[in-house]
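>>> Mind looking at a prediction? Sequence and model below.
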Amino acid sequence: MNLPNKLTVLRMVMVPILWAVYLCIPADAGIVSQEANLGLRNILVLILFTVASLTDMLDGQIARKRNLITSFGKFLDPIADKMLVNTTLILLCFNHEASIIPVLIMIARDLIVDGLRLSAASQGEVVSAGFSGKLKTVLQMVAIIMLLLHNWPFVYLNLPISEIALWAAACVSVYSGWVYFDKLKDYVLETM
C-alpha cells in the first residue's frame, strides 16, 4: 500500500477516535471561552478533525506529485472524507450544535452520489472527485471547524459565519451532486 492510501486509511481510523472524544467528554468540561461556550471537548475534536482533514489534502498532493494515483485511492478517498465529515456533522446535530436541514441535504446527496459511483464502478468505471465535489468537502470542513469553535471569533460580532458556511456547503453539495449525476447518468439510465 502506498503512502497516499495509508493516509486515507489513517483518516478512516481517526473517525472512531473522534467519536469517542466527542461522546465521552462532557460539553462543559474545561470551558475555554465563556462567550462562545467553547469547551475542551470541542477543542480536542477540532484538533483531531483538523489533523484528519490535513491527511485528505496530503494524500492527494502526494499521489499527484509522485504519480501514485490508484483505483483503490480514487475509491477509498471519498469514502474516508464522507466518514469524517458526515459523522462529525451528525454528532454536531446530535448536540444541537448544527442545523439538521443542511446536514440532511448533504447526507442525501452523498448517498445518491455513492449510488451513482457504485453503478459506474460495476461497469468498470472509477470516477474520482471533480472540482465541485472537492469544493463541497472544503466548505464542509470549514463549516465543521466553525461549528466546533461555536462560531468563535465571529460570535463577538453577532455574525453567524458557521451557519452561513454550513448552508454554503449544502448548496455546493447539491450542485456537485447534479454534476455527478450528469456525468454518470448513462451508467444508471441505460437499464431503464
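In hand now; what should we look at?

>>> residues of the lengthiest helix in the chain that come out buried?
For the chain, the helix that runs over the most residues, judged by DSSP state H, is helix 161-189. Neighbour counts over helix 161-189 (16 or more other CB atoms under 10 Å) mark 161-163, 165-170, 172-173, 176-177, 180, 184, 187 as buried. Every residue, glycine included, has its C-beta placed from N, CA and C.

>>> Likewise for stretch 49-58?
Buried residues in stretch 49-58 (16+ other CB under 10 Å): 49, 52-53, 55-56, 58.

>>> circling back: so what does the longest helix of the chain touch, helix or strand wise?
Helices and strands touching helix 161-189, by 3 or more CB pairs under 8 Å, 6 or more residues apart in numbering; DSSP states H and E, are helix 100-121, helix 131-148.

>>> Which one of the ones you listed lies nearest to residue 89?
helix 100-121 (4.7 Å; CB to CB).

>>> mean confidence for the closest one?
Helix 100-121 comes out with an average pLDDT of 90.

>>> Could you do stretch 27-39 as well?
Mean per-residue pLDDT for stretch 27-39: 81.

>>> Other residues contacting it?
25-26, 40-43, 95, 149-152, 155-156 (CB atoms under 8 Å, 6 or more residues apart in numbering).

>>> which of the residues you listed has the most neighbours?
Per-residue neighbour counts (other CB atoms under 10 Å) across these peak at residue 42, which has 28 neighbours.

>>> Please name the nearest non-neighbouring residue to it.
Nearest non-adjacent residue to residue 42, counting by CB to CB, 6 or more residues apart in numbering: residue 148, 4.7 Å away.

>>> show me the residues around that neighbour that make contact.
Neighbour list for residue 148: 42, 45-46, 49, 92, 97 [criterion: CB under 8 Å, 6+ apart].

>>> Now distance to residue 13 too, for these, in CSV please.
Formatted as CSV, the contacts of residue 148 follow (distance: CB to CB, whole Å):
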residue, distance to residue 13
42, 21
45, 16
46, 18
49, 14
92, 21
97, 24
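
>>> what's the farthest-apart pair in those residues?
49 and 97 (13.0 Å).
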